[in-house]
Structure formats: structure tokens, C-alpha cells
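[1] Compute the structure for the input listed below.
(chains A and B)
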Amino acid sequence: MGIHTKWRSLGFSVISMASILVIWQLIVTAGLVNPFLLSSPVTIVVEMAALFRSGDIVHHFVASGVSLLLAFTLAASVGVLLGILAGWYRPVQKALDPFIWFTYSTPAVSFYPIFVAWFGFGRPTAIAVAFVFAMTPIYANTLTGVKAANADLTRMARSFNAGPKDIFINVVIPASVPLIVSGLQLGAGRALTGVIIAELFGSNAGLGFAIAYNAMNMSTAKMMVYMCLVVVLGLILTQFMAAMARHADRWRS
Amino acid sequence: MKGVKRANLFAAGGPFSGDWWIGPLMVILFLAVWEIAPRLGLVNEFFTSRPSLLLQAAIVDYGSRDFWSDALVSLVEFGIGFGLALLFGIPLGLLMGSSRFLREFFTTPLMALYVTPTMVLLPLLIIWVGIGMASRASVALIAAIFPIIINIVAGIDQVEKRLLQMAKVFGASWLNILTQIYIPATLPFLLTGVRLAIGRAVLTVIAAEMFVSQAGMGFKITMYGDSMRIDMLLVYVLTVSMFGYLMTRLVVLLEAKVSTWKQIA
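    Numbering: from 1, shown residues only, chains lettered A, B, ... in the order given. Next up is the predicted model:
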């Protein structure tokens, strides 16, 4: 059943993407919508090839990628570290609670003007916005994972005479890995959103910047090339994180 | 996103168990440092503002008609986008969940759009419907609809096949199955979707207003940011946070209610 379903769903996704592209192309070719409002897939591909040869795509893709990587690494290290601390020491959790609630319910973009003033225009601000946005789910998941492992397994390990250090390294950390990995998956998506939105607002490079720039110049085709690239970046990220989750699962068992 | 476990931030522990005072104490400490450090000249007040300045700004803002008209603009954009997301998202989710063909056909495009930051669609939507309220409401609609659809589909997925077979054997109509099985079974999942949708819709409305608008909370946040009025800016940010927090809290309460109701039934 496994392999069969896998091919089946792959087939379906190829067919569905292909039919959407064909319908989209037909609508534009038939003149049903103004090409200024919506570029056809063929136009986008032609434009994409030109932008790729000129090096623009690589430039913006790498710029967003580097910001994303830095923001995610920062968010992951701080989120996991604080999550473990808070899950292990209850007062730490209580002390962090109000601040986490605040960042959780505040749209991270609203800090954009403050971050521009603090860190300067461009990449540092994009990283800061993405960091704030991505850190909370990573922290929350790590905390929940460590606490759950703590309650269930610690009692058992203690009855086998394990010390707190052994329990922590050999029991709590491995047991909380699935939730931490899920948190990292959510965090990666949010880091991408943070970076792209900050670049849209103002930057000098990156996919978000390229979208805003081409929108301002009314070049719909170029703008849509970069929109498609954001989707591609999102898909790469999700696939990568899913692969990491499977890997972590194997390592655990 | 199937298989991704989401920690419920609001469920951890009772809020008033033994050490409840640590949180408020930390907030007071934080506010004290924030008030004193600029006064001692350790940090530049121009960049950080101070809680007392914030309080003054809040009194001015909350008393002004301007503030409430901006809040109303954002609220209307949120309401339209989020309301339409519910209106379209629930039937679409039920439709997709109950038909295997539709589900397999639309899963990939849906996932691709779900992982994409919705804000990138804003420039395109502006070309389509103009820079008015419509573009911001529609980007909020797109941001909010995906978690609703995806969670309903996930909810239907976990309905037991035997239950459906039994219902069919007893001659249940399509409508019966929908109202007696699918809707009650997916309600908790719908609420999870709604909770995620609220956060996404609030974020998107504010971001869209910051990107292009002449009114609304996001517009004011950018305006006060440009003129470096951190105190005024933070009053707007805090108001948005409180709104997001209260809305999320409301859904969490509903979720708790539904889960106890399900256990009784």
C-alpha cells in the first residue's frame, strides 16, 4: 500500500499542477485577462530565464537565503536553549511566560520600524523580524516536549537510580526530540515569512525586495517570477525540514 | 501541515499555582529597568522610550478620535478578510475532505500556497483590486483560509471509516452524514484552524497596512516609526497584541469547551 499510494499522490500532484498551469496559460492567451494584471506561465518562464542569465535571480535568492539561514539558526539556538531551561526549571518558565505571550500575540512586523532604528536598514532588520517571529513556536514546542518527557520518563528513570544529569541527557532530550523538530518546522516557515515581509518593506536585495521593486516599476512578469521563487524557496524549506524530521526519528529509534 | 505537532502555549499549568508571582515580578523588573536605564543615560531614550512616556502616549491616544478611527479601519479589514475566510473555508474544507478526488487533486497547490508567505501576493492584489481596503481584506482572506481548509480536511481524515459505512447501511443521506458525523467530528479541528487563522489574519492586515495605506493601525505604526515616536508606536503595537491575544484566548476557551462536550457525548 505504501509505495502504491506514494506514486498515486505524486501522479496527482503532477497532474493538478500541470492542469492549473495549462488553464492559467489558456486564460491569458485567450485574452480573458489583461497581461498587465496576470502574466502567463510561458511569459514567466521566459522572463525567469532572462533574469537567471543576468544573475539577478541568483543574487536575490542568495540574499534571502543567507538572511533566512542566519535568522533561523539564531531562533533555533535561542528557542531550544530557553525551551530546555524553562522545561527543566519551572521558575524560568514562569519568568519567561509573560514575554513569550507578548511576542506570540504581537505581529512581529510591527517591530519593523523599531528594528530599523536599532539595527539599521536591510539584512539586520530582516533577521531581527524573522528571529522574533520564528523563536516563539520553537520555544513553546521545546518547552512542552521537555515537560512531557520530564513527567513520564523521569519517574521511571529515577526508580532505576539514574542521576539528574543522566536523566537529562539520556532520557529527556531524546524523548523531546519529536516536538522540538516540529517546532523547528513551524519556526522555519515563520522565519521565511519574517524575512520576506521585512524585505518587502525595504531592503536592497532579496526576493521580497525584488517583488516590491518590480511592483513599483509595474513590471508584472518580473514581479511574478520572484513570487514563484518565494513559493519554490518555501517548498525547498518544507521538504528539507520534513527530511530532517524523518532523520531525527530514525536516530531516536 | 499534517504530522506537525503544535504545542499549546496556553495550556501549560494553571495560571495561579504556587509560583504565579514570578511572571508579574519579571514584568515589573523589566519595566523598572526600561524606565531607569534611559534616565541614567545608559541607553538613548530616543531609541527605547520609557514606560512612563508610553503611559502618557496611551492616555493621549486612547482619548483621541483618530486612534479609534484607525482601529476601526483595521478591525473592518480583519473582519471582512477573516469572516470571508470562514464563509468560504468551511464549505471548501468539507467538500475537499469528503471527496478523495478533490483532496488529492488540490493538496499540492494548497500546500504550496500554505507555505508561501501570503504577503508576497499583496503587490499582485493591489494591481487587481486597487490600493484600497479591498486589497488588504483579500490578502487577509488568503492568509486565513488555508489553515481553516487544511485543518478541516485533517479532521475529516480521522473520522472512522466504519462509522461512515454504518451510517450508509442505515440509509443516512449525504446531508445526514454531513451534519451528524462530519461537522461534530471536525469541530475541534476547525477551532484549531481558526486559532491559527486569527494570528495570520492579524499579522497580514497590519503588514499590508504598513506596506501601503492611508489609515489603520499598521499605517500609524509606520508613520510613528518614521518620525521616531517609539512611545506612540508601542501604544499601537500593544493594542494590536491585546486584540490578537484576546481573540486567541477566546478560541482556546471554546476549544476547551468543545473537548469536554465531546467527552460527554
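
[2] Under the pLDDT cut-off, which ranges of the chain? List them.
    Here I'm looking at chain A. Within chain A, the stretches with pLDDT under 70 are A:1-3, A:152, A:253.

[3] Correction: the question concerned chain B.
    Counting by pLDDT under 70, the ranges of chain B that qualify are B:1-17, B:261-265.

[4] In it, which residue sits nearest chain A?
    Across chain B, the shortest distance to chain A (C-beta to the nearest C-beta) belongs to B:Gly225, at 2.1 Å. All C-beta atoms are positioned from the backbone trio N, CA, C, and that covers glycine.

[5] for that residue, what are its contacts?
    By C-beta atoms under 8 Å, 6 or more residues apart in numbering or on different chains, the contact list for B:Gly225 reads A:Tyr112, A:Pro113, A:Ile114, A:Val116, A:Ala117, B:Leu233.

[6] Show me the residues you listed that map onto helices.
    Applying DSSP state H to the contacts of B:Gly225, the entries found in helices are A:Tyr112, A:Pro113, A:Ile114, A:Val116, A:Ala117, B:Leu233.

[7] so can I have a markdown table of these showing neighbour count and distance to B:Phe106?
    Below are these laid out as a markdown table (neighbours: other C-beta atoms under 10 Å in any protein chain shown; distance: C-beta to C-beta, whole Å):
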| residue | neighbour count | distance to B:Phe106 |
| --- | --- | --- |
| A:Tyr112 | 26 | 34 |
| A:Pro113 | 24 | 39 |
| A:Ile114 | 22 | 40 |
| A:Val116 | 20 | 39 |
| A:Ala117 | 18 | 44 |
| B:Leu233 | 26 | 41 |
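
[8] Mind jotting down where the helices sit in the stretch 1-150 of chain B?
    Using DSSP state H, counting those that start in this stretch, the helices found in the stretch 1-150 of chain B span residues B:22-40, B:45-48, B:51-62, B:65-98, B:100-115, B:122-129, B:133-157.

[9] for the fourth one, packing partners?
    Counting contacts by 3 or more C-beta pairs under 8 Å, 6 or more residues apart in numbering or on different chains; DSSP states H and E, helix B:65-98 is packed against helix B:100-115, helix B:133-157, helix B:183-211, helix B:217-226, helix B:230-264.

[10] Any buried residues in the third one, and which?
    Of all the residues in helix B:183-211, those buried under the rule 16 or more other C-beta atoms under 10 Å in any protein chain shown are B:183, B:185-211.

[11] Please name every helix or strand in contact with it.
    Judged by 3+ C-beta pairs under 8 Å, 6+ apart, helix B:183-211 is in contact with helix A:173-201, helix B:65-98, helix B:133-157, helix B:217-226, helix B:230-264.

[12] Check the ones in helices among the contacts of B:Gly225 against B:Asn176 and report the nearest one.
    Distance to B:Asn176, by C-beta to C-beta, is smallest for A:Tyr112 among those, at 50.8 Å.

[13] what about residue 166, which helix or strand?
    Picked chain A for this. Element membership for A:Asp166, per DSSP states H and E: helix A:164-166.

[14] hm, I was asking about chain B
    Here B:Met166 sits within helix B:161-169, counting by DSSP H and E.

[15] Just the CA atoms of that helix, as PDB, please.
    In PDB, the C-alpha atoms belonging to helix B:161-169 read as follows (Å, rounded to 0.1, in the frame of the first residue of the first chain):
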ATOM      1  CA  LYS B 161     -14.500   4.700   8.100                       C
ATOM      2  CA  ARG B 162     -16.600   2.200   9.900                       C
ATOM      3  CA  LEU B 163     -18.800   5.000  11.200                       C
ATOM      4  CA  LEU B 164     -19.400   6.200   7.700                       C
ATOM      5  CA  GLN B 165     -20.200   2.700   6.500                       C
ATOM      6  CA  MET B 166     -22.600   2.100   9.300                       C
ATOM      7  CA  ALA B 167     -24.300   5.400   8.600                       C
ATOM      8  CA  LYS B 168     -24.700   4.400   4.900                       C
ATOM      9  CA  VAL B 169     -26.000   1.000   5.900                       C
END
